[in-house]
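> 3D model of this:
(2 chains)
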Amino acid sequence: MASSTGLGKSAPDNAVSDDSERTAFGEAEAPGADVYEDMPAQGNPSVDVASQWQLMRWKFMRHKAAVVALWFVIGIYAIGLFCEILAPQDPNETNGSFAYAPPMGIHLFEEDGTFNPHVKGLTSERDRLTFRLEYAVDPEVIIPIRPFVKGDSYRMWGLFEWDRHLFGTVDPEANFFLLGADRLGRDNFSRIIYGTRVSLSIGLVGVALSLAIGLVLGGVSGYYGGRVDNIIQRVIEFLRSMPTIPLWMGLAAAIPLTWPPLGVYFMITILLSLIGWTSLGRETRGKVMSLKNEDFVIAARLDGVSEFRIITRHLLPAFMSHTIAVTTLAIPQMILAETALSFLGIGLQAPVVSWGVLLQEAQNVNTVATAPWLLLPGVAVVVAVLALNFLGDGLRDAADPYAK
Amino acid sequence: MQTEAQLADRPDAGATEPEMADDVIVDVRNLRTYFPTRTHVVKAVDDVSLQLRRGRTTCVVGESGSGKSITARSILQVVDAPGRIEGGSVRLRTAPRDGREAEVVTLTDLHPRSRAIREIRGRDISMIFQEPMSSLSPVHTIGAQIIETIRLHEDVSKAEARLRAIELLRRCEIRDPEAAIDSYTFEFSGGMRQRAMIAMALSCNPQVLIADEPTTALDVTTQAEILDLMRELQSSYGMAMMFITHDMGVVAEIADDVVVMFRGKVVERGEVREIFANPKHPYTRRLLDSVIKLESRSELKPPEAEIVEAQAPTILSVRDVGIHFPGKTGFMGKQFAGVRAVSNVSFDLKKGESLGIVGESGSGKTTLGRAIASVRPPTAGSIVYSGAGAPVDLAGLTGPALANYRRQVRMIFQDPYGSLNPRMTVGQIVAEPLKMNKVATGKALQERVADLLEQVGLPPAVMERYPHAFSGGQRQRIGIARAIALDPQVVICDEATSALDVSIRSQVLDLLIELQERLDLSFVFIAHDIGVVRYFCDRIAVMRKGEIVELGPASTVCDAPTHPYTKALLSAVPTPDPTQRSMHLRARYDDSAE
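From the prediction side, this is the model:
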């Protein structure tokens, strides 16, 4: 008797010998045909040949919140990438006579109904008692807003000089504060947009670094086990047991004051990731440990597969998807850490513009009371962190498409 | 057959609600439970009707994916998302209780999270599951869990509930119930846990007990005891019992009525003797045939005597092998005791022979198999392989010599899901050993892989597909293709068929027999299932607690065992014949005798 293949349409074996019985059952439902319940009897050709990444994409797409979050994240990173064009003004241009100027609303039509997007001008007057500038809208002064105007010039990505902005005032000298101005009369909106670049990239650079450390040390720890594992795990425990804020403060204080702001920025990133790799290292270790005892890895060893190939071909793909998810969840942590450090004044320093630096302006209760729009960088942090967290959650759920 | 009249086809239950006969406690009509997936809807339960009667055991039998568990879960309305009950009705006749009259409640009309259905779960209908470890809480004592169940449904004091719990444990034959009530689940063995689970299920004198494969995770001797207990309790409590299983032997042993399910539909139902004596549906017949087929030696194989008495050379010689897992040295230098998994095992495997190693869980059979496959070296003794040229001892092998040994002694794994890398296509999986040992490259490699797949009964076109496209039996075939890719001499099958459905099992065994003939293979076949070993093997070694207690030709070990443990093991295997219920007559082997 030839063994029946049991593949979808194959003939049922000897138990059903006579033809009338077979038709009574129908071809598609060959009794006992070796097909399990998740599959239609005929198989699904697209699923059958779908690779790990294809299955992950399908699973991810079903997670609606994560898909929305993905578009948010793409949007936020696009803002960071094109901030020079998107920001209507130079973020560092000060204007003393517009300190704490309130946000200006954009009007699309003039009073007589003609289409002319504009903001109304502001008149300022110093209060004689408090010496504070009091602003009032001057309905007579109309500052027209247009797309693709010439404005403050900038070096795009440090490559070429340009002066076009996505939108802005027709008159380059006019003042336009969409989300208000800060203590020195700088445009809050432009500063939040510029802050996106720094705040989000510090997350990326930092996570990339901690990913490298975490993967290598966690992988070694899990794969070899024994004494190496013991040492690495104790180091992780030591690092995790330290109170983070004082440690950051200490490390930040050790950075020479004479360094340029960008140097400090990189130093901070490295410091954050030197402490931030531990949870990633632990996750990697656990994953490698459970994977290396899987039957398919043992089978590969018995097949004569070299250790290098076992790691690259069998282990890495199995936890790469998972690692991507963990990484996505680590970026918001980095963003929050940078914000906290800069807020405390030990992270990034002006003139670098980041969300944390911007929030420094809102440390004073009096300031917040008079200019609540200075808290808006905090909203940006919340949106970015939430979007990345939702994205990470979706990725994590999709990361192991073979889990039951 | 008293059931036949009520079981005859009826018009849709939704239109008219026919009266329930007096002894019917649960009446399931036209139940449909569907699971929507990305591309289509899986009809897990498709128009199922069945009745559970007072004092009778209804076995729902079917292979994996037949929807038998989902039917049980639908009755209690505990179907996991995204599954949904789409239609049909489940009605329950409640017992008169607290001065309330018996009434008929339609369970499908109740909200799955309503108070009404929660009161029914555990009080009127209780359920026990396959895996006793995960259905009992590990952080509470057995007693606390039983007392909680009692007090949830009845207004009794703690002390009273405790007395009842002790009584329940005693009825479930748990030794020393006064002490056992305060122990935790991890202190219990698998069989004891299942007893505790049964005690908990019975705590409120339910009218219906649903048992979802309650003995599948247990060893056969333990299974026999649990079946005994359940049968005894069922008759003394007068419950209706719904017993879900895939094992026709268990059905023959315990059922009064049988419902056969296939792909979500009921294909046949009837009284147990009738079903076994005169199965009408081809699927039932097929199911029975594949069980009965495994009751004797395969007809594909040459007579046993021919192989046992043949003067074939010894290909693998295992001498005094011991495998000891050392204990850890804890903090402050405390020594923890190790585990002696295998001790003093010796046997010879002759060329062309199939040697079965049988034992219950923890007998060390898998550890021994892995040692022979060179996954983990033995701590004592020697494994000498003399397949090609001079005999070599596995212990001294390294580098190319070890690679060569691994080429000739191959392994087939138990779990067809875990043993194939889900991220590689079938073609890549089967090609890997060929590529790694530089046997073939390029076009020759492709042809060789196609040829191997054909040898195991799969069309070469499946090369492009990933393992998730295949069922358990097909995956096991892929695993076999990988094992024979390097023209091995010896193949170690570690429970190679135990994860498969019974009808697939014999197909895979037949494939192995066919390959053995064609490729002149020798097998070390590790299994816990006597039937499979008797079907496939020429000689059988019975292992217990790391030692071989009996070794001899298959027919001698199976028909005239000498060691009392072998006798106990064999007599605990349920026979697929309801007219010869013999389990209560089984031989018992007392641990403490040693």
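
> can you tell me the helix or strand for the residue lying closest to A:Gly225 once chain neighbours are set aside?
Take A:Gly225 and drop its neighbours on the chain: the residue closest to it by CB to CB, 6 or more residues apart in numbering or on different chains is A:Met289, 7.4 Å away. Where you see a C-beta, it was placed from the backbone N, CA and C, and this is true even at glycine. In the assignment (DSSP states H and E), A:Met289 maps to helix A:261-292.

> which phi and psi does B:Ser317 have?
phi -120, psi 120 (degrees, to the nearest 10).

> for it, what are its contacts?
Taking CB atoms under 8 Å, 6 or more residues apart in numbering or on different chains, we find B:Ser317 in contact with B:Asp348, B:Leu349, B:Ser382, B:Ile383, B:Val384, B:Tyr385, B:Ser386, B:Pro391.

> Any of those buried? List them.
B:Asp348, B:Leu349, B:Ile383, B:Val384, B:Tyr385 (16 or more other CB atoms under 10 Å in any protein chain shown).

> Counting neighbours, what do you get for B:Val104?
By other CB atoms under 10 Å in any protein chain shown, 14 other residues sit near B:Val104.

> Skip the chain neighbours and tell me the closest residue to the spatially most central residue of chain B.
Nearest to the geometric centre of chain B sits B:Thr216, at 4.3 Å (CA atoms, centre = their mean). Leaving aside its sequence neighbours, B:Thr216 sits nearest to B:Gln130 (CB to CB, 6+ apart; 5.3 Å).

> Same check on A:Asp152?
A:Asp90 (4.0 Å).

> so that neighbour touches A:Asp163, yeah?
No - look at A:Asp90 against A:Asp163 with CB atoms under 8 Å: they stay out of range, at 10.4 Å.

> can you dump the C-alpha coordinates of the host helix or strand of B:Asp27 into PDB?
Using DSSP H and E, B:Asp27 sits in strand B:24-36. C-alpha atoms of strand B:24-36 as PDB (Å, rounded to 0.1, in the frame of the first residue of the first chain):
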ATOM      1  CA  VAL B  24     -32.400  14.600  29.300                       C
ATOM      2  CA  ILE B  25     -30.400  17.200  31.300                       C
ATOM      3  CA  VAL B  26     -28.700  19.100  28.500                       C
ATOM      4  CA  ASP B  27     -30.200  19.400  25.100                       C
ATOM      5  CA  VAL B  28     -28.000  20.900  22.400                       C
ATOM      6  CA  ARG B  29     -29.800  21.700  19.200                       C
ATOM      7  CA  ASN B  30     -28.400  22.900  15.900                       C
ATOM      8  CA  LEU B  31     -25.500  24.600  17.700                       C
ATOM      9  CA  ARG B  32     -23.200  26.600  15.400                       C
ATOM     10  CA  THR B  33     -20.000  28.300  16.700                       C
ATOM     11  CA  TYR B  34     -17.900  30.100  14.100                       C
ATOM     12  CA  PHE B  35     -14.500  31.700  14.200                       C
ATOM     13  CA  PRO B  36     -13.900  34.500  11.700                       C
END
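
> Let's have the contacts of B:Ser317 in JSON lines, adding secondary structure.
Shown next, in JSON lines, are these (DSSP: H, G, I helix; E, B strand; the rest coil):
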{"residue": "B:Asp348", "secondary structure": "strand"}
{"residue": "B:Leu349", "secondary structure": "strand"}
{"residue": "B:Ser382", "secondary structure": "strand"}
{"residue": "B:Ile383", "secondary structure": "strand"}
{"residue": "B:Val384", "secondary structure": "strand"}
{"residue": "B:Tyr385", "secondary structure": "strand"}
{"residue": "B:Ser386", "secondary structure": "coil"}
{"residue": "B:Pro391", "secondary structure": "coil"}
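
> What helix or strand is the nearest residue to B:Glu178 once chain neighbours are set aside located in?
Distances taken as CB to CB, 6+ apart place B:Ile166 nearest to B:Glu178, at 6.0 Å, with adjacent residues excluded. According to DSSP H and E, B:Ile166 maps onto helix B:158-171.

> so how far is the helix or strand that that helix is followed by off the chain centroid?
Helices and strands here follow DSSP H and E; after helix B:158-171, the next one along the chain is helix B:177-180. Distance of helix B:177-180 from the chain centroid (CA atoms, centre = their mean, to the nearest Å) equals 30 Å.

> Can you give the contact residues for helix B:177-180?
Contacts with helix B:177-180, where a contact means CB under 8 Å, 6+ apart, come from B:Ile142, B:Ile166, B:Glu167, B:Leu169, B:Arg170, B:Ile174, B:Phe188, B:Ala196.

> Now do the next helix or strand after that helix against helix B:158-171, angle only.
Using DSSP H and E, the helix or strand that follows helix B:177-180 in sequence is helix B:190-201. For helix B:190-201 against helix B:158-171, the angle by axes from the mean of the first three to the mean of the last three CA atoms, to 10 degrees is 130 degrees.

> which secondary structure elements does helix B:190-201 contact?
Under the contact definition 3 or more CB pairs under 8 Å, 6 or more residues apart in numbering or on different chains; DSSP states H and E, helix B:190-201 sits against strand B:125-128, helix B:132-135, helix B:142-153, helix B:158-171, helix B:220-237.

> Repeat the analysis, applying 7 Å as the threshold.
strand B:125-128, helix B:132-135, helix B:142-153, helix B:220-237 (3 or more CB pairs under 7 Å, 6 or more residues apart in numbering or on different chains; DSSP states H and E).

> low-scoring stretches of the chain, by residue?
Since no chain was named, I'll use chain A. For chain A, applying pLDDT under 70 flags the ranges A:1-45, A:262, A:403-404.

> Can you look at chain B instead?
Counting by pLDDT under 70, chain B shows low-confidence ranges at B:1-18, B:98-99, B:328-336, B:590-594.

> now do 50
B:1-15, B:592-594 (pLDDT under 50).

> Domain boundaries for it, per the record?
What automatic domain parsing lists as the domains of chain B is B:1-7+B:23-124+B:210-295, B:130-205, B:304-325+B:338-419+B:489-574.

> how long is the shortest one end to end?
Which is domain B:130-205. Domain B:130-205 has an end-to-end distance of 21 Å (CA to CA, to the nearest Å).

> which SS class is the residue nearest to B:Thr216?
Taking three-state DSSP as the rule, one finds B:Gln130 in the coil state.

> Enumerate every residue touching it.
B:Asp212, B:Glu213, B:Pro214, B:Thr216, B:Ala217 (CB atoms under 7 Å, 6 or more residues apart in numbering or on different chains).

> The longest helix seen in chain A: which residues count as buried?
When chain A is parsed with DSSP state H, its longest helix is helix A:188-224. Using 16+ other CB under 10 Å as the test for burial, helix A:188-224 gives A:188-207, A:209-211, A:213-215, A:217-223.

> And the next helix or strand past that helix?
Using DSSP H and E, the helix or strand that follows helix A:188-224 towards the C-terminus is helix A:226-241.

> And for that next one, what's in contact with it?
A:Leu217, A:Val220, A:Ser221, A:Ile275, A:Thr278, A:Gly281, A:Arg282.

> Quick check: the first one touching A:Arg282?
No - shown here, A:Leu217 and A:Arg282 do not form a contact pair, counting by CB atoms under 7 Å, at 9.9 Å.

> Which neighbours do these two have in common?
By CB under 7 Å, 6+ apart, no residue touches both A:Leu217 and A:Arg282.

> Return the most buried member of the helices and strands packed on helix B:190-201.
strand B:125-128 (a mean of 24; mean count of other CB atoms under 10 Å in any protein chain shown).

> Could you measure from B:Asp289 over to chain A?
5 Å (CB to the nearest CB, to the nearest Å).

> counting contacts, what elements does the helix or strand that contains that residue pack onto?
Element membership for B:Asp289, per DSSP H and E: helix B:282-293. The contact analysis (3+ CB pairs under 7 Å, 6+ apart) places helix B:282-293 against helix B:248-254, strand B:257-262, strand B:265-271, helix B:502-519.
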